[in-house]
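Enquirer: here you go, sequence then predicted model.
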Amino acid sequence: MGNQMDKSVLITLIIVGGILLLGAMAFIFANSTFYAQTVTSTGIATIKVIPDLAVVYFNIQTNGKTSQEADDSNSKIYDDMKISLLNLGFEEEKIQTQSYSVYPEYDWQTGQQKLKEYVAVHSVKIEIDISDKEKISDTIDAGIDAGAGIGYINYEITSENQNKYKTEAIKKATEDSRTKAEALAEGAGRELGKLVSISTSDFGYSPWLAYSAEGASVSKSDSAQIESSIAPSEQEVSSSVTAVFKIK
């Protein structure tokens with residue numbers, strides 16, 4: 001009786017194992033057949049754009065015996081600069097804080113940690129429409145007069161136009177991926193079928209450096225020369241799309 005039950009269990013296990021093995025083989029075959037009947041291509045598109053903005057980046061650094069003293073000095077420079085910029089016709093939303101921090105600085109010369117002073121650092125960016133390029137020198141002067149230091153100037157694209165160019169670049173990259181897929185299918189003696197899947201990488205845009213102070217001090221006498229050197233030109237942005245198509 002026990003041997004018969006053992007044999008029944010063994011037979012059952014063999015049958016179940018066989019079914020699972022056949023299922024796995026069928027799955028592998030189905031998937032290998034699927035992938036054998038598809039073609040994958042990557043489309044790339046690069047478009048040329050004119051930057052919308054010249055963005056001036058300032059650094060305001062102040063020191064004080066206390067964190068409050070460093071903070072107050074920093075705020076005074078920022079407020080003076082902001083008032084001057086508003087008087088030049090800038091909208092408040094064009095004057096943006098990038099980062100702000102106050103930290104202690106220590107003296108280690110005696111081998112022990114001794115508080116030296118507090119440092120406040122404020123990074124500010126000013127957005128200038130390319131059509132108002134002549135405001136660059138006045139913007140630099142406003143910052144220098146208040147006590148801020150200029151870091152660099154970038155060419156940039158507004159968020160609205162970033163979305164516009166992103167859409168255009170992705171569409172062209174998608175067309176390119178289909179053209180390549182058709183060529184692959186034809187080269188293999190097949191016809192391109194329906195789209196199976198499609199994905200895109202990030203839109204290839206980053207600001208372009210127009211001017212950098214490179215740690216040097218910039219005076220008001222330099223501002224007109226810096227402005228004249230800011231000559232916006234066409235820049236490239238790109239996108240890529242990977243698509244999978246069935247082939248017939």
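Expert: On my side now, so go ahead. These numbers come from a predicted model, not from an experiment.

Enquirer: got the contact list for the helix or strand encompassing I47?
Expert: According to DSSP states H and E, I47 maps onto strand 38-49. Under the criterion Cβ atoms under 8 Å, 6 or more residues apart in numbering, residues 157, 161, 165, 168-181, 184-185, 188, 190, 192, 196, 234-247 lie in contact with strand 38-49. Backbone N, C-alpha and C define where each C-beta goes, glycine included.

Enquirer: and if you look at stretch 87-95?
Expert: Contacts of stretch 87-95 (Cβ under 8 Å, 6+ apart): 82, 85-86, 124, 126-128, 135, 138-139, 142.

Enquirer: and the residue nearest the centre of the chain, helix, strand or coil?
Expert: Taking Cα atoms, centre = their mean, the centroid of the chain lies closest to S206, which sits 6.0 Å from it. Following DSSP: H, G, I helix; E, B strand; the rest coil, we place S206 in the coil state.

Enquirer: same check, this time on Q109
Expert: coil.

Enquirer: burial check on it, number of neighbours?
Expert: 8 (other Cβ atoms under 10 Å).

Enquirer: pull the helix or strand with minimum mean pLDDT from the protein.
Expert: helix 2-36 (a mean of 52; mean pLDDT, DSSP states H and E).

Enquirer: looking at the sheet around the residue lying closest to Q98 once chain neighbours are set aside, what are its partners?
Expert: Spatial nearest neighbour of Q98, excluding adjacent residues (Cβ to Cβ, 6 or more residues apart in numbering): S123 at 4.0 Å. Legend: beta-bridge partners of S123 under DSSP bridges are N59, S99.

Enquirer: likewise Q235?
Expert: With DSSP bridges as the rule, Q235 is bridged to V49.

Enquirer: so it is in contact with N161, correct?
Expert: No. Using Cβ atoms under 8 Å, Q235 makes no contact with N161, being 11.9 Å away.

Enquirer: all helices of this structure, in order?
Expert: 2-36, 67-87, 136-146, 159-187, 220-229 (DSSP state H).

Enquirer: the fourth one to strand 38-49, inter-axis angle?
Expert: Spelled out, that is helix 159-187. Relative orientation of helix 159-187 and strand 38-49, computed by axes from the mean of the first three to the mean of the last three Cα atoms, to 10 degrees: 140 degrees.

Enquirer: and helix 159-187, what does it pack onto?
Expert: strand 38-49, strand 192-200, strand 235-247 (3 or more Cβ pairs under 8 Å, 6 or more residues apart in numbering; DSSP states H and E).

Enquirer: that concludes my questions; thank you for your assistance.
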